[in-house]
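In: Just a sequence and a predicted model for now, questions to come.
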Amino acid sequence: MTTGLTLNSLAISRHGAPLVQIDTHVPAGEVLSIMGPSGAGKSTLLAALTGTLADGFTMTGRVILNGRDITDLPTEQRRVGILFQDDLLFPHLSVGENLSFGLCAGGTRLQRKARIIKALNDIGLAGFFDRDPANLSGGQKARVALMRMLLSEPEALLLDEAFSGLDPELREQIRALVFTRARTRNLPVVMVTHDPAEAEAAGGPILKIG
Ligand SMILES: Nc1ncnc2c1ncn2[C@@H]1O[C@H](COP(=O)(O)OP(=O)(O)OP(=O)(O)O)[C@@H](O)[C@H]1O
């Protein structure tokens, strides 16, 4: 079985007009950076990979993740995690409850709580279980959003300008956290960015579209 994410002759059209063509393989643990002008179809490409293309868009080709053809699977069965800029936490839930939304099904209530407490430790937020998200700093929110996504145990990560709302120091920190996770869990990553330095820092190939 080939591990990683294969985009096999993907062609996305909008109202019949070609928008994005891509044919590539992202090995496990590697980051493919996607760059291109506004409107080129970068977010649309990620939507195609999560199975959330809007009305009017069509796609041909196949998406293969760790040997599984996920092209026609519903979003929740794909095991593809996505992180957006300013990813929002549920404001009426505590930090711990927000994380429990990411958690895969299974386990007792206590086991699930233990996993969340460990996850909070992992992102340097021990003791934050009952905190109100409104009282978190931007970087703390970003870490919770990232961990919520990781708890769903995705097999691939998609990042849509995920770091651009953060100040430079924090951006560096969160980015390092994401890339380290991706490497240790052997996840292929597709990262949309406008920042050439960010694409360079990712260390993988850079694909320009549009
Ligand atoms: N939900 C939608 N319904 C209809 N058209 C859309 C929708 N989302 C995006 N589009 C259109 O599809 C094209 C590609 O948009 P997309 O958001 O993928 O571009 P992008 O490269 O991510 O741009 P940006 O860098 O500005 O975020 C644009 O012409 C956009 O107007």
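Out: Yep, that arrived.
In: For the protein, which residue occupies the most central location?
Out: By C-alpha atoms, centre = their mean, the chain has its centre lying nearest to Ile82, at 2.7 Å.
In: what secondary structure does it sit in?
Out: strand (DSSP: H, G, I helix; E, B strand; the rest coil).
In: And the nearest residue to it once chain neighbours are set aside, how close does it get to Val190?
Out: Among residues not flanking Ile82 along the chain, Leu158 sits closest, at 4.3 Å (C-beta to C-beta, 6 or more residues apart in numbering). Quick note: C-beta positions are derived from backbone N, CA and C, even for glycine. To Val190, Leu158 is 5 Å away according to C-beta to C-beta, to the nearest Å.
In: where do the contact lists of these two overlap?
Out: Taking C-beta atoms under 8 Å, 6 or more residues apart in numbering as the contact rule, Leu158 and Val190 both touch Leu46, Leu49.
In: Tell me the residues of the protein that contact the ligand?
Out: Arg14, Gly36, Ser38, Gly39, Ala40, Gly41, Lys42, Ser43, Thr44, Ala54, Gly56 (C-beta under 6 Å from any ligand atom).
In: Show the buried residues in these.
Out: Neighbour counting by 16 or more other C-beta atoms under 10 Å classes Gly36, Ala40, Gly41, Lys42, Thr44 among the residues of the chain next to the ligand as buried.
In: Widest-spaced pair of those?
Out: Gly36 and Thr44 (10.8 Å; C-beta to C-beta).
In: residues of the longest helix anywhere in the chain that come out buried?
Out: Assignment by DSSP state H gives helix 168-184 as the longest helix of the chain. Buried residues in helix 168-184, counted by 16+ other C-beta under 10 Å: Leu170, Arg171, Gln173, Ile174, Arg175, Leu177, Val178, Phe179, Arg181, Ala182.
In: Just the CA trace of it, in CSV.
Out: This file holds the C-alpha atoms of helix 168-184, laid out as CSV (Å, rounded to 0.1, in the frame of the first residue of the first chain):
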residue,chain,number,x,y,z
PRO,A,168,4.9,36.2,14.1
GLU,A,169,6.3,34.6,17.3
LEU,A,170,3.1,32.7,17.9
ARG,A,171,2.8,31.7,14.3
GLU,A,172,6.2,30.1,14.5
GLN,A,173,5.2,28.2,17.6
ILE,A,174,1.9,26.9,16.4
ARG,A,175,3.4,26.0,13.0
ALA,A,176,6.2,24.0,14.7
LEU,A,177,3.6,22.2,16.8
VAL,A,178,1.6,21.2,13.7
PHE,A,179,4.6,20.1,11.6
THR,A,180,6.1,18.1,14.5
ARG,A,181,2.7,16.4,15.0
ALA,A,182,2.4,15.7,11.3
ARG,A,183,5.9,14.1,11.2
THR,A,184,5.5,12.0,14.4
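In: Much appreciated, bye for now.
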